[in-house]
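Engineer: Give the three-dimensional model of this entry:
(2 chains)
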Amino acid sequence: MGLLFEIFQDMLFAAIAAIGFASISNTPFHVIKYCALLGAVGHGLRFVLMNCAGWHIIVSATLAALVIGSLSVLYAPKAKCPPETFSFPSLLPMIPGMYAYRTVQGLVMCLSSQDESVFNHYFYLMSYNGITCFIIVAGMVVGVTLPIFIFKRISFSATREILKGSYND
Amino acid sequence: MTTMTMMMKQSSNIVADVDVHDKLKSACRFLSQYAAVLLGCGATCIRIEKNVGRMAQAFDCDVEITLLPSHAMVVLWDKEHEHSYNCFSKSVGAIDFYRNIELSKLSWQVAEGKLSLEQAKECFDNILDRPRINKWVVLLLASVANASFCRLFGGDFSAVGIVFCATLLGFLIKQVLLEDGIDVRITTMASAFIASIVGASGNLFDLSSTPELALGTSVLFLIPGIPYINAGSDMIAGHYLCSVSRFIQAVILTVCLSLGLCGGMFLMQIKFF
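Structural biologist: I've put the predicted structure just below:
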């Protein structure tokens, strides 16, 4: 029960975050509901993979981004808008902000440390957080973008008013 | 008599050439502006190419498009490849998915013959004239979003409250400075500086059990997530120039954000680890 509540809480806050970030990008209100849905599903999936299955954050984030990308292509013709207009804001709650923050912290501490062993310690922290952050973001970007390229015909015909049975580029 | 006929033929050819040129000029200017607006509003390069390509086809022309970091260049040819017109336009505006959606719809309407060039231009102007979401609504939603972000990282409710206030003030500063035409890099730095000062209140007044999360999350609303994702998408599509330029633009903003954050932390004398 506790775990279910935690998953629900994670999805709820991810949905709220996705709505906020979508509004900054001036996403129309009729599309924001898809941002919330995809943000919740993606973040919820990452939470389950990390905390229940014990997967690493990089693999979990990439897989969650892949699901967000696939769902966005699926919903794009229904929402009548390009899939990236709601998959990109949905992805933002998964941006590894704390890793980025610790990378900056590590850099500043490297610069301000005099002792070699202290410098090495902070350099290690900076490198570890920086590399992890970079690979997570790269995995997320590839994950969310791949379905758009794989299902090109659907992705680039989604804004068409009348779909006459088949999609054309 | 023969000379007269030749002269008439030549003059009718010149009139036809002028007509073709005018048609190309008008369509090329529209397509170039269209591509530049899409580039500015955060559309991926492959989408810009496809949208412009399908409209050029509807205008019975062949098109070559070059996308540069802040410009779009369109070369339009007639079907016989005897006449061409080229036009450069500078990208305008901030990231705006409303424009991305509506301009994509417009391209299909033109491609399906529902709109003529003149009607498309009118429709294009209407889309550009449409105001953005109310800035106070965006301010509130962005603050709630960043506060939720803090909760997602495991912050307690005091930290969530601190992040909400920090974002509210930081984002307000960003809106005001951008409205005044201040450079986006200086704006990012100032906004991060103010947000981190408010975010540091958890450390200073012992308000939260997770003060580090409050401070770290307080500036995350400034991370240029969409340019990072667009850079990745452009790289996969083979638009390396645009990809690298978008990536560098995003990195510069992230560095500005970090400088503002460090400035705030030094001022508040926060220990880093």
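Engineer: Contact partners for the residue of chain A at minimum distance from chain B?
Structural biologist: Residue of chain A nearest chain B, by C-beta to the nearest C-beta: residue A:20 (2.1 Å). (Each C-beta comes from the backbone N, C-alpha and C, glycine too.) By C-beta atoms under 8 Å, 6 or more residues apart in numbering or on different chains, the residues touching residue A:20 are B:141-146, B:148.
Engineer: For residue B:93, which three-state class applies?
Structural biologist: coil (DSSP: H, G, I helix; E, B strand; the rest coil).
Engineer: per-residue confidence for the nearest residue to it once chain neighbours are set aside?
Structural biologist: Taking C-beta to C-beta, 6 or more residues apart in numbering or on different chains, and ignoring the residues beside it in sequence, residue B:93 has residue B:40 as its nearest neighbour in space, at 4.2 Å. Confidence at residue B:40, expressed as pLDDT, is 91.
Engineer: Please list all residues in contact with residue B:40.
Structural biologist: Contacts of residue B:40 (C-beta under 8 Å, 6+ apart): B:91-94, B:96.
Engineer: Low-confidence bits of the chain, can you list those?
Structural biologist: No chain in the question, so chain A it is. A:1, A:162-169 (pLDDT under 70).
Engineer: um, chain B though
Structural biologist: B:1-17, B:271-273.
Engineer: Next, name the residue at the spatial heart of it.
Structural biologist: residue B:41 (2.8 Å; C-alpha atoms, centre = their mean).
Engineer: Next up, phi/psi of that one, please.
Structural biologist: Dihedral angles phi and psi of residue B:41 (degrees, to the nearest 10) take the values phi -90, psi 0.
Engineer: contacting residues around it?
Structural biologist: With C-beta under 8 Å, 6+ apart, residue B:41 has these contacts: B:93-97, B:99-100, B:103.
Engineer: repeat that for 10 Å
Structural biologist: Residues in contact with residue B:41 (C-beta atoms under 10 Å, 6 or more residues apart in numbering or on different chains) are A:25-26, B:91-103, B:128.
Engineer: centre of the chain versus stretch B:121-132, how much separation?
Structural biologist: Centre-to-centre, stretch B:121-132 and its host chain are 16 Å apart (C-alpha atoms, centre = their mean, to the nearest Å).
Engineer: The longest helix seen in chain A: which residues count as buried?
Structural biologist: Counting residues, the longest helix found in chain A (DSSP state H) is helix A:116-150. Along helix A:116-150, these residues count as buried under the neighbour rule (16 or more other C-beta atoms under 10 Å in any protein chain shown): A:121-122, A:125-126, A:129-130, A:132-133, A:135-148.
Engineer: touching chain B at all, that helix?
Structural biologist: Yes. Contact of helix A:116-150 with chain B (C-beta under 10 Å from any C-beta of the partner chain) involves A:121-122, A:125, A:137-146, A:148-149.
Engineer: mind saving the C-alpha coords of the helix or strand hosting residue A:68 as CSV?
Structural biologist: Secondary structure assignment for residue A:68, by DSSP states H and E: helix A:57-79. Coordinates of each C-alpha in helix A:57-79 appear next as CSV, following Å, rounded to 0.1, in the frame of the first residue of the first chain:
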residue,chain,number,x,y,z
ILE,A,57,18.9,5.5,-13.3
ILE,A,58,20.4,5.7,-16.8
VAL,A,59,18.6,2.6,-18.1
SER,A,60,15.4,3.5,-16.3
ALA,A,61,15.3,7.1,-17.6
THR,A,62,16.1,6.0,-21.2
LEU,A,63,13.3,3.4,-21.1
ALA,A,64,10.9,5.8,-19.6
ALA,A,65,11.8,8.4,-22.3
LEU,A,66,11.2,5.7,-25.0
VAL,A,67,7.7,5.1,-23.6
ILE,A,68,7.0,8.9,-23.5
GLY,A,69,8.2,9.2,-27.1
SER,A,70,6.1,6.2,-28.3
LEU,A,71,2.9,7.4,-26.5
SER,A,72,3.4,10.9,-27.9
VAL,A,73,3.5,9.5,-31.4
LEU,A,74,0.4,7.5,-30.6
TYR,A,75,-1.5,10.5,-29.3
ALA,A,76,-0.3,13.0,-31.8
PRO,A,77,-3.0,12.4,-34.5
LYS,A,78,-5.6,12.6,-31.7
ALA,A,79,-4.3,15.8,-30.3
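Engineer: Give the other helices and strands that it contacts.
Structural biologist: Judged by 3 or more C-beta pairs under 10 Å, 6 or more residues apart in numbering or on different chains; DSSP states H and E, helix A:57-79 is in contact with helix A:29-51, helix A:84-91, helix A:116-150, helix A:152-155.
Engineer: Quick check: residue A:136 touching residue A:62?
Structural biologist: Yes. Assessed by C-beta atoms under 10 Å, residue A:136 is found in contact with residue A:62 at 8.0 Å.
Engineer: which residues are common contacts for these two?
Structural biologist: residue A:56.
Engineer: Would you point out which residue is most central in chain A?
Structural biologist: residue A:91 (2.7 Å).
Engineer: And that one, how close does it get to residue B:225?
Structural biologist: 7 Å (C-beta to C-beta, to the nearest Å).
Engineer: okay, and the common contacts of these two?
Structural biologist: A:21, A:137, A:140.
Engineer: Okay, and the residue in chain B that chain A sits nearest to sits in which element?
Structural biologist: Nearest to chain A in chain B, going by C-beta to the nearest C-beta, is residue B:145, at a distance of 2.1 Å. Element membership for residue B:145 (DSSP H and E) is helix B:135-152.
Engineer: What is that helix packed up against?
Structural biologist: helix A:2-24, helix A:29-51, helix A:97-112, helix B:157-179, helix B:211-217.
Engineer: do the last one and chain A meet?
Structural biologist: Yes. Legend: contact between helix B:211-217 and chain A by C-beta under 10 Å from any C-beta is shown at B:212-213, B:215-217.
Engineer: what's that helix packed up against?
Structural biologist: helix A:97-112, helix B:135-152, helix B:157-179, helix B:184-199, helix B:201-204, helix B:240-267.
Engineer: What lies in contact with the fifth one?
Structural biologist: Under the contact criterion C-beta under 10 Å, 6+ apart, helix B:201-204 has outside partners B:155-156, B:158-159, B:161-163, B:165-166, B:197, B:207-215, B:218, B:265, B:268-271.
Engineer: Tell me the buried residues within those residues.
Structural biologist: Using 16+ other C-beta under 10 Å, the buried members of the contacts of helix B:201-204 are B:155-156, B:158-159, B:161-163, B:165-166, B:197, B:208, B:210-215, B:218, B:265, B:268, B:270.
Engineer: If we go by neighbour counts, what in stretch B:56-76 is buried?
Structural biologist: B:56, B:58-59, B:61-63, B:65, B:67, B:72-76.
Engineer: and of those residues, the nearest to residue B:257?
Structural biologist: residue B:67 (26.6 Å; C-beta to C-beta).
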